[in-house]
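J.: Test case, fold it:
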Amino acid sequence: MRAVIIEDEALFAEHLESLLYEVRDDIEVVASLTGVIESVEWFRKNSEPDIVFSDIRLIDGISFEIFHQIHVKSPIVFITAFDDYAIKAFQYNSLHYLLKPVTLESLSAVFDKYDTLIKTDEVPEMMSQIIDGVGTNERQFPSRLFVRRGEEVVPIDINNISCINTTDKVVICYMKDGKDFVLGMSLKDVSERLDSMQFKKISRQWILNVSAVRKFYCGLLGKGHVILEPEIDIELSREKYNQVIKEFLK
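T.: Have a look, this model is predicted:
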């Protein structure tokens, strides 16, 4: 069985691939793709797999855009965190979906449904109904990031992020509850996954969540300070501080 994974979170893609090999001993992951453009190009150049696992929200759009451009007859298992609208659509059309974090049990249920559907001619029609039923015009942003914690891959709620910092090529996410996590991606890659109305990149090292800001002030030595939840003090040059203030006062 040939499978394709479409997922822009590298850690989650690795986790899903390892689960697939645990659940199904006849499976081969032939491609792990990260976005709409890359996926469209892959499907145009390669034969269809037996099954596709695709996150809904990708770095350059939502996955329905792929299947609007490429007619895919393979069963597609969509993966989501909170997309209630999509979940209702999948339930209505009797197609399986996966909620993050994915478990062995939920993945096994997918293959139970797969083994049933593959014997019928219903899959292409169901896929068309689902894809046509969900809009693709508005840019969607993920509600979670996935991070490695020991041997586990766990989700963190983006709304609970206070700020993100990079030092010596290590990117650390600081949470409002005082926890912190190392992210397995660059600051640029992180910023592309975040809504710029909610998250502001204030320097080459810092991205902050607007909702975590407590106050701005200038210190005695002319340095600017941004105070974030829970007790994070970001120091900026006076010039950069003025630029940040100007941006926030727009």
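J.: what's the pLDDT at the spatially most central residue of the chain?
T.: Closest residue to the average C-alpha location of the chain: Pro142 at 4.7 Å, with C-alpha atoms, centre = their mean. Looking at Pro142, its pLDDT stands at 73.
J.: Repeat that for Thr80.
T.: Looking at Thr80, its pLDDT is 77.
J.: I figured it hits Pro101, correct?
T.: No. Contact between Thr80 and Pro101 fails when scored by C-beta atoms under 8 Å: they sit 11.7 Å apart. All C-beta atoms are positioned from the backbone trio N, CA, C, and that covers glycine.
J.: Leaving out the residues flanking it, which one is nearest to the residue nearest to the centre of the chain?
T.: Arg57 (4.8 Å; C-beta to C-beta, 6 or more residues apart in numbering).
J.: about what we covered before: of Thr80 and Pro101, give the one with the bigger neighbour count.
T.: More crowded of Thr80 and Pro101, by other C-beta atoms under 10 Å: Thr80, with 21 against 16.
J.: Phi first, then psi, for the more buried one.
T.: Per-residue torsions, Thr80: phi -150, psi 160 (degrees, to the nearest 10).
J.: quick one: least confident helix or strand in this protein?
T.: Lowest on mean pLDDT, DSSP states H and E among the helices and strands of the chain sits helix 84-92, with a mean of 49.
J.: Name every strand pairing with the helix or strand following that helix and say which way it goes.
T.: From helix 84-92 onward toward the C-terminus, using DSSP states H and E, the following helix or strand is strand 97-99. Take DSSP bridges as the rule and strand 97-99 pairs in its sheet with strand 76-80 (parallel).
J.: Just give me how far the partner strand sits from the chain centre.
T.: Offset of strand 76-80 from its chain centre (C-alpha atoms, centre = their mean, to the nearest Å): 13 Å.
J.: Extract the C-alpha trace of that strand and format it as PDB.
T.: C-alpha atoms of strand 76-80 as PDB (Å, rounded to 0.1, in the frame of the first residue of the first chain):
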ATOM      1  CA  ILE A  76      -8.000  11.100   1.500                       C
ATOM      2  CA  VAL A  77      -7.900  11.200   5.300                       C
ATOM      3  CA  PHE A  78      -7.900  14.800   6.400                       C
ATOM      4  CA  ILE A  79      -6.200  15.800   9.700                       C
ATOM      5  CA  THR A  80      -7.300  18.700  11.800                       C
END
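J.: The residue nearest to the centre of the chain contacts Arg193, correct?
T.: Yes. Using C-beta under 8 Å, Pro142 is in contact with Arg193, at 5.8 Å.
J.: Helices of the protein, residue ranges please.
T.: Counting by DSSP state H, one finds helices in the chain at the ranges 10-23, 36-45, 64-69, 84-92, 104-117, 123-133, 187-192, 238-248.
J.: which of these is buried the deepest?
T.: Scoring the helices of the chain by mean neighbour count under mean count of other C-beta atoms under 10 Å gives helix 64-69 as the most buried, with a mean of 19.
J.: which regions of the chain sit below the pLDDT cut-off?
T.: Low-confidence segments of the chain (pLDDT under 70): 82-96, 118-140.
J.: Let me see the domain layout of it.
T.: What automatic domain parsing lists as the domains of the chain is 2-133, 144-248.
J.: buried ones in stretch 152-164?
T.: Neighbour-count burial for stretch 152-164, counted by 16 or more other C-beta atoms under 10 Å, picks out Val153, Val154, Pro155, Ile156, Ile158, Asn160, Ile161, Ser162, Cys163, Ile164.
J.: And for stretch 218-231?
T.: Buried residues in stretch 218-231, counted by 16+ other C-beta under 10 Å: Gly224, Val226, Leu228, Glu229.
J.: For the first one, list each beta-bridge partner.
T.: Taking DSSP bridges as the rule, Gly224 bridges to Cys218, Leu236.
J.: which residues touch Ile37?
T.: Asp60 (C-beta atoms under 8 Å, 6 or more residues apart in numbering).
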